[in-house]
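**Q** requesting a structural model of the entry that follows:
(4 chains)
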Number of protein chains: 4
Amino acid sequence: MNTSPIHEKPATTPERLDFYRRLDEKDLAPLWETLATLVTPQPRTACVPAHWQYDRLRGLLMEAGELITAHEAERRVLVLENPGIRGRSQITNSLYAGLQLILPGEIAASHRHAACALRFIIEGNGAYTAVDGERVSMHPGDFIITPSWTFHDHGNTGDEPVVWLDGLDVPIVNLFDTSFAEKYADEVQPVVRAEDDATALYGTNMLPFGYEVRGHNSPLFAYRYEPSRAALAHLAQRGAPHPVHAFKLQYANPATGGYPMPTIGAYLQLLPAGFDGASYRSTDATVFAVAEGSGYSVIDGRRFDWTHRDAFVVPSWVSVSHHAPQGEAVLFSFSDRPAQQALGLWREQGRAA
Amino acid sequence: MNTSPIHEKPATTPERLDFYRRLDEKDLAPLWETLATLVTPQPRTACVPAHWQYDRLRGLLMEAGELITAHEAERRVLVLENPGIRGRSQITNSLYAGLQLILPGEIAASHRHAACALRFIIEGNGAYTAVDGERVSMHPGDFIITPSWTFHDHGNTGDEPVVWLDGLDVPIVNLFDTSFAEKYADEVQPVVRAEDDATALYGTNMLPFGYEVRGHNSPLFAYRYEPSRAALAHLAQRGAPHPVHAFKLQYANPATGGYPMPTIGAYLQLLPAGFDGASYRSTDATVFAVAEGSGYSVIDGRRFDWTHRDAFVVPSWVSVSHHAPQGEAVLFSFSDRPAQQALGLWREQGRAA
Amino acid sequence: MNTSPIHEKPATTPERLDFYRRLDEKDLAPLWETLATLVTPQPRTACVPAHWQYDRLRGLLMEAGELITAHEAERRVLVLENPGIRGRSQITNSLYAGLQLILPGEIAASHRHAACALRFIIEGNGAYTAVDGERVSMHPGDFIITPSWTFHDHGNTGDEPVVWLDGLDVPIVNLFDTSFAEKYADEVQPVVRAEDDATALYGTNMLPFGYEVRGHNSPLFAYRYEPSRAALAHLAQRGAPHPVHAFKLQYANPATGGYPMPTIGAYLQLLPAGFDGASYRSTDATVFAVAEGSGYSVIDGRRFDWTHRDAFVVPSWVSVSHHAPQGEAVLFSFSDRPAQQALGLWREQGRAA
Amino acid sequence: MNTSPIHEKPATTPERLDFYRRLDEKDLAPLWETLATLVTPQPRTACVPAHWQYDRLRGLLMEAGELITAHEAERRVLVLENPGIRGRSQITNSLYAGLQLILPGEIAASHRHAACALRFIIEGNGAYTAVDGERVSMHPGDFIITPSWTFHDHGNTGDEPVVWLDGLDVPIVNLFDTSFAEKYADEVQPVVRAEDDATALYGTNMLPFGYEVRGHNSPLFAYRYEPSRAALAHLAQRGAPHPVHAFKLQYANPATGGYPMPTIGAYLQLLPAGFDGASYRSTDATVFAVAEGSGYSVIDGRRFDWTHRDAFVVPSWVSVSHHAPQGEAVLFSFSDRPAQQALGLWREQGRAA
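**A** As a prediction, this is how the structure comes out:
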């Protein structure tokens, strides 16, 4: 890969400057002044690797629980902002991530939006997410999706705080200028289907007779940790780990085999005890959450030591390797790989079979 | 559609401000401070409707031809910058557009990039575009694509200036942090196939025996104006015009029936003399170039009178209607509709059959 | 639907007969003599509705177990021959069905063929099917596929006879002249993966990271009765039964959402106690096996009273209704609907939502 | 490939014969008696290679024109019957072919059927085929499709006999018991669209704005010889011929890139002067018609010398090589390859790149 710019900015002369001024008046600009920054030989992201230690955040999350109600906040979330692009509510150039807290008795009111959302449960039991008339309880390790334009609300009917990691494609929606959102007429949508209805119907390798796929989203929206973890354990017993990814599965839409949502893919991977992963990079910047155990990742040459419940981010085209010297570890992750693949933009490097 | 924000920003108190400061130190931010601007009830683009009159630009283009060579500029393009987002080299929030000039005897050197590009020829004969070893001559009205990561160079072997409209998905590529680019080793790539080879092979409703689709791009990359215009004329003889679009066709990938490239769709439409179009809006902001005739469009309530070779842009979710009081007119246009549809984001309103 | 023939056979004259004789010498034939039988206004199948009572067959099956070994028979199967087309080893015009018996200690040797096969377990525990190096135990109600060209053998390591219903697409394979078959070098293929490996990997709504679909067959090949039955029970609690199908699910390929094999679809349906189904017909002749309970079906005006373990067949375009006056019943069924749909041939009539 | 049967028929004993008789009474049959013929190690087709010399048939065709009117015959066709399976109106095990004659002033009345049909024009000008309200004139070398369930009629408004080769999937439709057919209320359907409307709309690499694919059939139904032949000529100038297929193209559905109809694919291939093709076989039995020139093919070891307007057939899995010692030749062909591929049954052997 050639890493020199495809163009060197031409010299600036008084005539040219004058010309640029006259262009400017007509909503025109000289491409040759910006070409080198618009079209770079490799992704030159402003995002940087970053790591959020849950133990150091948890106090702030709980403090937020005292400072503002879920009702007032609409969603009581601490956004994980990439240090390289502070102020934009983004963890990568295309994705949003945050830690959401809901306290016993609280409700996060029902709304819907064009952005699609995922939840990975970090801590606590007793909360639920309602999606299009169905409530699913949330337990640590569960992966739940809220597809585009589905009404959803959250509630905590238990007696302990519940925290989850949110991932949304808000920057993608906003790049395309396709944001829509509205509140539900009431704070909470009515429950019209039994809990785990979608899982019972779509989660067992059967589909309703004559089922036809409509739209881009999985009809199954809750992926429980236990069966996902069991599948991972099974994969780990089958053979040697992949040199980069160890043992890794992706959450699938049972009606298509594709990703659960069109813009965000999610993965669960097990690093066996002692795993020393090879270096790898891909264009889909990836957000990781530690589901089990401890270990470290080397991202762009820097070592990040992570443990259970931490989050970290690997920017686009930055090399990463994962290591589990202290015992088995499980990482949940998500990225915009489905969108990049659909648009013909995704690349990877260093993948060994 | 509810147009009120889904969330009102909570009151700011000294305690909260102090809290926000402490969040800031840990690369965290309170979602409730930004939610209303991140997730809007409707697309709230900074882009505005805009119109570039070719007659008023042409002099500047020719002046650029004197101020800088194609060699020095790499690509001698005047970028059409949306007045609402000046300085970002964008005509919409997701697309780039510009007018490129190549003078007799000049060459725009061979390079390739992840961004995909289209050309719609505005003026002049005698130039060519070379794509992956094949040269195609360019004539006014021709539509030519340069798919992602294909080497391409341009040359003018004729005796008059040649100008075309460029459209690229650079902002999409950069949102996803997936930019790659490199120069060809030489200024010009070798010609290894006859002119119009791809058209002869893929443009006649036949495909090579056992053909398998690979990747997202059309194997046909030059769509001549004459047959496209004839198809449009035929469509116009078949029946009444569509109330919004009059008579409109989209350029297609003959190997899939889909769009020629995964991120940008292109269209050609004929407004019959006297056409008075109904109002319509969609989420794919659209760039128009006038291929024939004169008329006007009402965009977001403002009237833009356009004529042959002009360009104008309709932002996302802004209403537009087209009118041809002075006789038949033909509009070429392009938008990111393929990407929006692939990602489940596209909407339209006001379309009557 | 017009049911008169599209053509009446012309009168036969001596001149014509002489002409036909001369055509015959040149491998030619006059279409007008056969058109009315070749192209019929409606499917005019020679197949008839039929019913096989398991209690009356079981003795013969066991007698077969004494008369011939699995080794000598290769597959000890009593073919269910449609009474309308005896001698062709077919239950419908496009499908084969049979009851296979394997006795304790026996092995049905490993082979593979272009035809794809399904098994629905009728009676007994202790047997297994091995598919491409993986053994799965078989239990009543399980649905197991043997996709095209996969080595498979069966064995009974238990202490009771095991019987299952076989369904194959042999007539389809032979229509297209695409039969291939070969024996495995040894009687039994080696076991290279753990039991239920495929279920553990592909049956939990996850897929291996970067999974790519190859071919037309499901990577999951055993669908256990318990989870399928539970999904059906869930469906039955959700609302009113469909007037024709009551509560019906189809087995799905988790990697695509499509049918498990390209030529045969399989279904499981629950008739609630007292269900009195409406009349319906479709072009995919369907083989039913009674998984639970008793009831009756009216096929082409004739009533067939069936009970647990029976099999019956509904020919193409013949009306059928299902009834469960004696309590809940569960029907397994299979048909060539996937093939008909892929080829644009499938129709149905009488389906109410 | 193992060519021995996967099973040897067991010995017949009196006890077994008695048992088989008792099975027979219950619509049962012992699989082990028929397994070896049902599931063969290779396609064991009854079809044989065959060749119809047009010069020797033409007289009979014209005689048919005197013996019966198009009106009385409904379709005046001499069926090309495969000598290995006489009496079944089939040229291969899955396809029908015939030569149809229409005389000046005649009409073949409008009807439709589930079977899909193709026409390859052999001789004469002045006739038309009407498909769903559009008439297309027929000229030698043109390829025209009549998709499933589209009303179609033929007429000859010129002054010479017109002959074409018909290809239909009647045996496939009948295997699946999915035949439907009906006559149009009148002899001729009304013409509601201009001639070549579909070609003008769909044949120029553009599609109507917002076009959505419905069903399995190409919206383009006439593929003229001139552009198809020109594409072939272009292909022949590009490089060396394929060792088996020389220069070969397939007719494509412009809305999908797939085959024009779901069951039958059609091809046009050019053998350059002196071409001496390599041997090849595939499971899709193929019907050839000679569009230009003379040459010979070696099919299953037998040499068939063919010339302009002849037809010949290559059965499934029988080796074939093509030779053009006397100069350039062009072959049109069709087969059921699309169906075989959709059902996962297609194989080939001997294809060199």
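**Q** tell me the residues of chain A that contact chain C?
**A** Residues of chain A lying near chain C by Cβ under 8 Å from any Cβ of the partner chain: A:193-194, A:197, A:200-201, A:203-211, A:213, A:220, A:223, A:227-228, A:230-231, A:234-235, A:237-238, A:242, A:245, A:248-257, A:267-269. Yep, even glycine has a C-beta here, placed from its N, CA and C like the rest.
**Q** the same query, at a cut-off of 7 Å, please.
**A** A:197, A:200-201, A:203-209, A:213, A:220, A:223, A:227-228, A:231, A:234-235, A:238, A:245, A:248-252, A:254-257, A:267 (Cβ under 7 Å from any Cβ of the partner chain).
**Q** show me where chain A has helices.
**A** A:14-25, A:35-38, A:54-67, A:70-73, A:170-175, A:197-202, A:225-238, A:337-342 (DSSP state H).
**Q** and the third one, what does it pack onto?
**A** Spelled out, that is helix A:54-67. Packing partners of helix A:54-67 (3 or more Cβ pairs under 7 Å, 6 or more residues apart in numbering or on different chains; DSSP states H and E): strand A:77-80, strand A:96-102, helix B:14-25.
**Q** how about a cut-off of 8 Å?
**A** Secondary-structure packing of helix A:54-67 (3 or more Cβ pairs under 8 Å, 6 or more residues apart in numbering or on different chains; DSSP states H and E): strand A:77-80, strand A:96-102, helix B:14-25, strand B:28-30.
**Q** any idea of the mean pLDDT in stretch A:89-99?
**A** The pLDDT scores in stretch A:89-99 average 98.
**Q** which bits of the stretch 51-200 of chain A sit near chain D?
**A** The stretch 51-200 of chain A has no residues near chain D, with proximity defined as Cβ under 8 Å from any Cβ.
**Q** what's the pLDDT at the residue lying closest to residue A:292 once chain neighbours are set aside?
**A** Nearest in space to residue A:292, with sequence neighbours left out and distances taken as Cβ to Cβ, 6 or more residues apart in numbering or on different chains, is residue A:330 at 3.9 Å. If you check residue A:330, the pLDDT there is 98.
**Q** one more: residue A:75?
**A** Residue-level confidence at residue A:75 comes out at 96, pLDDT.
**Q** what's the answer for residue A:1, then?
**A** For residue A:1, the predicted pLDDT is 51.
**Q** and for residue A:8?
**A** Confidence at residue A:8, expressed as pLDDT, is 86.
**Q** ok, residue A:333 next?
**A** Predicted confidence (pLDDT) for residue A:333: 98.
**Q** that one and residue A:117, how far apart?
**A** From residue A:333 over to residue A:117 the distance is 16 Å, taken as Cβ to Cβ, to the nearest Å.
**Q** the helices and strands packed on helix A:54-67: which one's closest to residue B:340?
**A** Closest to residue B:340 of the helices and strands packed on helix A:54-67, according to Cβ to Cβ: strand A:96-102, at 18.9 Å.
**Q** partners of that closest one, with directions?
**A** strand A:77-80 (antiparallel), strand A:162-168 (antiparallel) (DSSP bridges).
**Q** so can I have a markdown table of those showing mean neighbour count?
**A** Shown next, in a markdown table, are the strands paired with strand A:96-102 (neighbours: other Cβ atoms under 10 Å in any protein chain shown):
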| stretch | mean neighbour count |
| --- | --- |
| strand A:77-80 | 26 |
| strand A:162-168 | 25 |
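**Q** let's have these in a markdown table, adding distance to residue A:17.
**A** Shown next, in a markdown table, are the strands paired with strand A:96-102 (distance: least, Cβ to Cβ, whole Å):
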| stretch | distance to residue A:17 |
| --- | --- |
| strand A:77-80 | 41 |
| strand A:162-168 | 43 |
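**Q** which of these sits closest to residue B:100?
**A** Closest among the strands paired with strand A:96-102, using Cβ to Cβ: strand A:162-168, at 37.6 Å.
**Q** show residues contacting that closest one.
**A** A:58, A:61, A:75, A:77, A:95-102, A:115-127, A:138, A:156, A:264, A:266, A:287, A:289, A:311, A:334 (Cβ atoms under 8 Å, 6 or more residues apart in numbering or on different chains).
**Q** quick one, which of those residues are buried?
**A** Neighbour counting by 16 or more other Cβ atoms under 10 Å in any protein chain shown classes A:58, A:61, A:75, A:77, A:95-102, A:115-124, A:126-127, A:138, A:156, A:264, A:266, A:287, A:289, A:311, A:334 among these as buried.
**Q** and the gap between residue A:148 and residue A:257?
**A** 20 Å.
**Q** quick check: bridge partners of residue A:289?
**A** residue A:311, residue A:332.
**Q** mind pulling up the pLDDT for it?
**A** pLDDT recorded at residue A:289 is 98.
**Q** surely it and residue A:313 touch.
**A** No: between residue A:289 and residue A:313 there is no contact under Cβ atoms under 8 Å: 10.3 Å.
**Q** quick one: residue A:312 from residue A:285, how far?
**A** Distance from residue A:312 to residue A:285, by Cβ to Cβ: 11 Å.
**Q** of these two, who's got more company?
**A** For residue A:312 and residue A:285, the more surrounded residue by other Cβ atoms under 10 Å in any protein chain shown is residue A:285, and the numbers stand at 29 against 25.
**Q** chain neighbours aside, what residue packs nearest to that one?
**A** Closest residue in space to residue A:285, ignoring its immediate chain neighbours: residue A:92 at 3.7 Å, by Cβ to Cβ, 6+ apart.
**Q** so what's residue A:262 closest to, chain neighbours aside?
**A** residue A:216 is the one closest to residue A:262 (Cβ to Cβ, 6+ apart), at 3.9 Å.
**Q** show me the contacts for the one you found.
**A** Contact analysis of residue A:216 by Cβ under 8 Å, 6+ apart lists A:147, A:148, A:261, A:262, B:343, B:344.
**Q** nearest to chain C among the residues you listed?
**A** Comparing the contacts of residue A:216 against chain C with Cβ to the nearest Cβ places residue A:261 closest, at 13.8 Å.
**Q** the closest one contacts residue A:337, doesn't it?
**A** No: shown here, residue A:261 and residue A:337 do not form a contact pair, counting by Cβ under 8 Å, at 11.4 Å.
**Q** more neighbours: which of these two?
**A** Between residue A:261 and residue A:337, counted using other Cβ under 10 Å, the more crowded position is residue A:261 (28 against 25).
**Q** grab the nearest non-local neighbour of the more buried one.
**A** Distances taken as Cβ to Cβ, 6+ apart put residue A:116 closest to residue A:261, at 4.5 Å, once the chain neighbours are dropped.
**Q** mind checking how far that neighbour is from chain C?
**A** Noted for residue A:116: a distance of 18 Å to chain C, by Cβ to the nearest Cβ, to the nearest Å.
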